[in-house]
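J.: just need the structure, nothing else, for what follows:
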Amino acid sequence: MPLSLLNPTPNTAARRNLRARLQAWLETWIPRRSRKHFYNFRTEPGFQANLMDVDRIRDVLAGAELGNVRDLFSVYRDVLASDSHIQCEFAKRKLAVLGDSISIQPADKSRPDDVRAALAIQDLVGYFQEDLVRACNHLLDSTLYPVALVEKVFKPSTRPGLRYELARLNPVPHLDLDYTTGFLQLWEVDPQLGYVTGRREPPNPNRYVLHRGHLLQLADFWGGPFRCLLFWWLMSAMSRDWWSRFLDRYGAPFLVGKFDPADDETRSALTQAFQAATKIFGLVVSTETQVELVQAASQHNGEAFKAFKDVCDDEKSKVILGQVGSARPMSTGLNSGVSKQHESVRQDIRQYDQMLLGLTLGNQLFRQYLDINGIPGATPRIIWGGVSTEEQQALGDLLASLATAGLEPTDAGITTLSERLAFPLRRSSGRQVLADGSSGSV
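T.: Purely as a prediction, here's the structure:
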């Protein structure tokens, strides 16, 4: 009788151990389970923006520079939730990218493998569009935050031709990040209760999409571009508080009474009348008593408050959008060119955000999707939207000038134009390309 039948336990345990190790290895390469089933937002620090002053912000920044960024990111959260100007400007920055359509183009149109890879990613984008937009929204947080992460979870596919497909993309809360070891780590979350545990782990690149959407070369625990918004936010918030206190004290008109210094009886009657005025909303005095209603110079002080508030908001807009024209239009005279200059700055930022986000998705999500499904071909190019209206008009004028000179784009040029304009083009009927590249009538 074989020995394995007499004592099957060791072999069974060995097989189970080997199976567990293989599953763990496969999970590191193709994550099929989320590191947390849900996130309990009750574990986050409470709202503390109303307790902020200059000294407190300095303490938070000093703690972040030591690697503990939890307090700093909780302040960022509170600022976004309470400052309408920063919230609106940040939304403009994101919508410039998210509002454009995504076009997937093969890395090389002459290679069939690259074309098939582009079609596979195009199918993924169309099938998973809603979750992809939400994930991109979170990744674009890193235009102000130092970094943003999204968890990738796959599942065995039921669709023909695919081994695995995306199950979901989970945005990782910024408060899960930690740098106390000097390197980026994530706090582990209890999968049942959603609470942050005391354990940390480095982010696995096969599980996470990591995006840095800003130009700063500083360490992440310095806080990213959002850091320079904190003091402008504090000054604008405090100015609102100071202005409210001023109006509460001096905004309403107040009474001034005049009496003869030698007439104590009139003074006593006038004092009693002022005390009763808050109850009966009126005064009962003699005809000889003088009472004046004095209005504080709140209008002049209001202009000073508005000027200071505009300075704070302008600095916020410069950090987020690079210009202030979209938030506070200013009259600069006819043909000044300021609006075109502001639009040019906005287009530069939009194009950079789209290019960088496309590279992140291509290298960290789409490449992995192609590999685990055994789809050959290079990673396709991700193109967001098309050129601006002004560029379209200039391009149309150029094509008209070329046509007048007897020139027109080749078929390869039409493909390039289609990519730039974000909609397909074709040669009009009745025209054909000759062997030497010129065109003629049919």
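J.: any regions of the stretch 151-300 of the chain where pLDDT drops low?
T.: Along the stretch 151-300 of the chain, segments meeting pLDDT under 70 span 240-257, 259-260, 262-264, 266, 274-300.
J.: do that again at 80, thanks
T.: Within the stretch 151-300 of the chain, the segments meeting pLDDT under 80 span 190-196, 238-300.
J.: so where do the helices sit in it?
T.: Here the stretch 151-300 of the chain has its helices, by DSSP state H, counting those that start in this stretch, at 230-246, 264-280, 298-321.
J.: report the central residue of this protein.
T.: residue 141 (3.1 Å; Cα atoms, centre = their mean).
J.: for the residue nearest to that residue when sequence neighbours are not counted, phi and psi?
T.: Nearest residue to residue 141, sequence neighbours excluded (Cβ to Cβ, 6 or more residues apart in numbering): residue 148, at 4.5 Å. Quick note: C-beta positions are derived from backbone N, CA and C, even for glycine. When read as degrees, to the nearest 10, the backbone of residue 148 gives phi -140, psi 140.
J.: my read: residue 148 touches residue 137, true?
T.: No. Assessed by Cβ atoms under 8 Å, residue 148 is found out of contact with residue 137, at 9.7 Å.
J.: for those two, indicate the residue with more neighbours.
T.: residue 148 (25 against 17; other Cβ atoms under 10 Å).
J.: what about stretch 195-213, distance to the chain center?
T.: Offset of stretch 195-213 from its chain centre (Cα atoms, centre = their mean, to the nearest Å): 19 Å.
J.: can you give me the end-to-end span of it?
T.: 29 Å (Cα to Cα, to the nearest Å).
J.: same question for stretch 213-225.
T.: Distance between the two ends of stretch 213-225: 10 Å, counting by Cα to Cα.
J.: likewise stretch 182-192?
T.: 29 Å.
J.: buried ones in it?
T.: Of the residues in stretch 182-192, 184-187, 189 count as buried by neighbour count, 16 or more other Cβ atoms under 10 Å.
J.: please apply the same query to stretch 159-173.
T.: 162, 165-167, 169-173.
J.: again with stretch 349-369
T.: 349-351, 353-354, 356-358, 360-362, 364-369.
J.: against residue 322, how distant is residue 356?
T.: Residue 356 sits 15 Å away from residue 322, going by Cβ to Cβ, to the nearest Å.
J.: ditto for residue 83
T.: Distance from residue 83 to residue 322, by Cβ to Cβ: 19 Å.
J.: neighbour count: those two, which is higher?
T.: Remark: of residue 83 and residue 322, residue 83 carries more neighbours, 21 against 14, as counted by other Cβ under 10 Å.
J.: how many residues are close by the closest residue to residue 100 other than its chain neighbours?
T.: Excluding the flanking residues, the one nearest residue 100 by Cβ to Cβ, 6+ apart is residue 385, at 2.9 Å. By the measure other Cβ under 10 Å, the count of residues near residue 385 is 17.
J.: what's the pLDDT at residue 385?
T.: pLDDT, residue 385: 70.
J.: these two touch, right, it and residue 353?
T.: No. Using Cβ under 8 Å, residue 385 is not in contact with residue 353; the gap is 11.2 Å.
J.: residue 87 - nearest residue in space that isn't next to it in sequence?
T.: Residue 87's closest residue in space is residue 80 (Cβ to Cβ, 6+ apart), at 5.7 Å.
J.: and what of residue 368?
T.: Spatial nearest neighbour of residue 368, chain neighbours left out: residue 206 (6.8 Å); criterion: Cβ to Cβ, 6+ apart.
J.: repeat that for residue 90.
T.: Using Cβ to Cβ, 6+ apart, the closest residue to residue 90 is residue 320 (5.9 Å).
J.: and that neighbour, how far from residue 74?
T.: 20 Å.
J.: beyond whichever strand or helix holds residue 71, next helix or strand please.
T.: Applying DSSP states H and E as the criterion places residue 71 in helix 70-82. Using DSSP H and E, the next helix or strand after helix 70-82 towards the C-terminus is helix 84-98.
J.: and the average pLDDT for that next one is what?
T.: Averaged over helix 84-98, pLDDT sits at 93.
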